[in-house]
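Colleague: Fold the following, please.
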Amino acid sequence: LLLTTYYLLLATHLSQHILHPPQAELDEVQGELNEMQRDFDDAMAAKQRTQNDADSTQRRMDAANRLISGLSGEKSRWTLQSEAFADEIHRLTGDVSLACAFMGYVGPFNADFRTLLRVERFAADAAARGIPMTANLNVTKFMVDDGTVGDWAIEGLPTDELSVQNGIMVTRSSRWPLLIDPQGQGLSWIKAREEVNQLRVTTLTDKRFRSHLEDAMSFGQPLLLENLGEEMDPIMEPVLDKAVQKAGRGLKLVLSDGKECEYSEAFKLFLCSKLANPHFAPELCAQATVIDFTVTMAGLEQQLLGRVVQRERAELEEQRQKLVEEVNANKKTLRGLEDDLLFRLASSTGNLLDDTSLIEVLQNTKETSAEVQEKLATAAEADQHISIAREEYRPVATRGSLIYFLVVDMASISPMYQVRTIPPHPHVPGP
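Modeller: Numbers count the residues shown, from 1 in each chain. Predicted structure coming up:
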């Protein structure tokens, strides 16, 4: 047994002695192989980084090409607009002052006196004080865009200058509007405009007037108070003053009799009087924005033209109405696309070329804008043809408008000629 063990140990020793040189060489070769593998991995990593950089550069080049293509033709327009905006900012103080004076003071007057106040009083005073402002400022263009005016027209508001001014004061004034509306055209417009908001209609003599008022304030619904006389119910004083108070997380309004009512910021109040020449108390004139909605000759003529065409050629008037809606929708789409694009460009962070979503939006905006512009051009051509056809009935509308105002103005000759105007149609007043 000892001899066997001795021979095994000797054989192991001899085998290790024989294999030692090859093992050392193998370890050396393995070390070189590992080093070469590391070099290979580093080279592959560098290659991958180079490839990634190349791909990123290619993507940026593609994005730059798409960006240049998307913004082609905009440089000159945006440059001119930028210069115009700089000049507009310089004149903004005077323009806003004139707009505020317009909103606060001209509502109760007719078109001629409004122009007199704006041009010979407000603008002249601003010029005398050296306030920069736009020469011959068009208040309607300054305060509202064409898309909004188109919406009002669809809702039933006439498109003459006085009616658009009235629409601006109704929707933009910080005080509740009080309409002097003997023909009811403002009343009809408000009903059509606020119908989707669950408009409540009531009068001061309605036995459920208090309930309508409190519910409208609580649920944030519009309230139309029609057939208003020269006197206002004292219960409305806090409402007209907007004497709203904080109540925990909500709002409340305390009526004149001491009752507390919940108040929603979505609440709207419209006051409407059919008196042609009311004498409101000075306090009421200060609390509300008094607006003269009396129909003008131009406005009545336009409405009568629509009625005549509707009777004689109904399909033409329907086509025109549909065209107005389409044009208005396209203009709003175009405006929305431009606003969205400018917002994304202004709020984009980092490298603009890495923002693929912005590039896609830009491309889609340009394509959609081109389609909308084409539709607007087609609509303008169609509107021209429709207008030519409608103008054939213009003399009828002109005579009708003239007769109406002659009959109304006969009361200036003698009280015996006074007549009560009864509108035969929600949008068309008549004697």
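
Colleague: Val295 - nearest residue in space that isn't next to it in sequence?
Modeller: Spatial nearest neighbour of Val295, chain neighbours left out: Gln183 (4.7 Å); criterion: CB to CB, 6 or more residues apart in numbering. All C-beta spots, glycine's among them, are computed from the backbone N, C-alpha and C.

Colleague: which SS state does that neighbour fall under?
Modeller: The assignment at Gln183 comes out as coil when based on DSSP: H, G, I helix; E, B strand; the rest coil.

Colleague: Against Ser173, how distant is it?
Modeller: Using CB to CB, to the nearest Å, one gets 21 Å for the distance from Gln183 to Ser173.

Colleague: can you check Glu371 too?
Modeller: Taking CB to CB as the measure, Glu371 falls 37 Å from Ser173.

Colleague: got a pLDDT number for the residue nearest to Val295?
Modeller: Looking at Gln183, its pLDDT reads 84.

Colleague: Next, give phi and psi for it.
Modeller: phi -90, psi -10 (degrees, to the nearest 10).

Colleague: now swap in the one 10 residues further on and tell me
Modeller: Arg193 has phi and psi values of phi -70, psi -40 when expressed as degrees, to the nearest 10.

Colleague: Report the contact partners of it.
Modeller: Listed by CB atoms under 8 Å, 6 or more residues apart in numbering, the contact set of Arg193 reads 152, 155-156.

Colleague: same deal with Asn351?
Modeller: Residues in contact with Asn351 (CB under 8 Å, 6+ apart) are Arg60.

Colleague: Next, format the contacts of Arg193 as TSV and append neighbour count and distance to Arg210.
Modeller: Converted to TSV, the contacts of Arg193 look like this (neighbours: other CB atoms under 10 Å; distance: CB to CB, whole Å):
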residue	neighbour count	distance to Arg210
Trp152	24	32
Glu155	16	29
Gly156	17	30
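
Colleague: of all those residues, which comes closest to Gln165?
Modeller: Trp152 (11.4 Å; CB to CB).

Colleague: got the buried residues for stretch 405-415?
Modeller: Val408 (16 or more other CB atoms under 10 Å).

Colleague: start at 89 instead
Modeller: Yes, from this point I'll number from 89; that puts the last item at stretch 493-503.

Colleague: tell me how far it is from the chain's mean position?
Modeller: Distance, stretch centre to chain centre, for stretch 493-503: 42 Å (CA atoms, centre = their mean, to the nearest Å).

Colleague: Now do that stretch: distance from first to last residue.
Modeller: One end of stretch 493-503 sits 15 Å from the other (CA to CA, to the nearest Å).

Colleague: Remind me which helix or strand the residue positioned nearest the centre of the chain belongs to.
Modeller: Closest to where the C-alpha atoms of the chain average out (CA atoms, centre = their mean) is Thr236, at 7.1 Å. According to DSSP states H and E, Thr236 maps onto helix 234-243.

Colleague: Can I get the helix or strand just after that helix as PDB, trimmed to CA atoms?
Modeller: Later in the chain than helix 234-243, the nearest helix or strand by DSSP H and E is helix 249-260. This file holds the C-alpha atoms of helix 249-260, laid out as PDB (Å, rounded to 0.1, in the frame of the first residue of the first chain):
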ATOM      1  CA  GLU A 249     -70.900  97.900 -37.100                       C
ATOM      2  CA  LEU A 250     -73.300  99.100 -34.300                       C
ATOM      3  CA  SER A 251     -74.500  95.500 -33.600                       C
ATOM      4  CA  VAL A 252     -71.000  94.200 -33.400                       C
ATOM      5  CA  GLN A 253     -70.100  96.900 -31.000                       C
ATOM      6  CA  ASN A 254     -73.100  96.000 -28.900                       C
ATOM      7  CA  GLY A 255     -72.000  92.400 -29.000                       C
ATOM      8  CA  ILE A 256     -68.500  93.300 -27.700                       C
ATOM      9  CA  MET A 257     -70.000  95.300 -24.800                       C
ATOM     10  CA  VAL A 258     -72.400  92.500 -23.900                       C
ATOM     11  CA  THR A 259     -69.600  89.800 -23.800                       C
ATOM     12  CA  ARG A 260     -66.600  91.900 -22.700                       C
END
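
Colleague: Please convert the contacts of Arg281 to CSV, extending it with distance to Leu204.
Modeller: Formatted as CSV, these follow (distance: CB to CB, whole Å):
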residue, distance to Leu204
Trp240, 25
Glu243, 30
Gly244, 29
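
Colleague: Dump those residues to TSV, plus distance to Ser306 and pLDDT.
Modeller: Shown next, in TSV, are these (distance: CB to CB, whole Å; pLDDT from 0 to 100):
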residue	distance to Ser306	pLDDT
Trp240	29	89
Glu243	26	88
Gly244	29	85
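
Colleague: Relative to Pro322, how far out is the residue nearest to Val383?
Modeller: To Pro322, Gln271 is 29 Å away according to CB to CB.

Colleague: Tell me which of the two has more neighbours.
Modeller: For Gln271 versus Pro322, neighbours defined as other CB atoms under 10 Å are more numerous around Gln271 (24 against 10).

Colleague: The more buried one against Asp380, yeah?
Modeller: No: with contact defined as CB atoms under 8 Å, Gln271 does not reach Asp380; the gap is 11.4 Å.

Colleague: Looking at the residue nearest to the centre of the chain now. What's its pLDDT?
Modeller: pLDDT recorded at Thr236 is 87.

Colleague: if I look at it, how far off is Thr145?
Modeller: Following CB to CB, the distance that separates Thr236 from Thr145 is 46 Å.

Colleague: what's Pro196 in contact with, if anything?
Modeller: Contacts of Pro196 by CB under 8 Å, 6+ apart are 268, 373, 378-380.

Colleague: 6 Å instead?
Modeller: By CB atoms under 6 Å, 6 or more residues apart in numbering, the contact set of Pro196 is 378, 380.

Colleague: how close does it sit to Val383?
Modeller: According to CB to CB, Pro196 stands 16 Å off from Val383.

Colleague: do Lys334 as well
Modeller: Per CB to CB, Lys334 is found 43 Å from Val383.

Colleague: Those two - which one has more neighbours?
Modeller: Ranked by neighbour count (other CB under 10 Å), Lys334 and Val383 place Val383 first, with 27 against 8.

Colleague: In three-state terms, label that one for me.
Modeller: What three-state DSSP gives for Val383 is coil.

Colleague: Wait, it touches Gly272, no?
Modeller: No: judged on CB atoms under 6 Å, Val383 makes no contact with Gly272 at a distance of 9.3 Å.

Colleague: Please consider this matter closed, and thank you.
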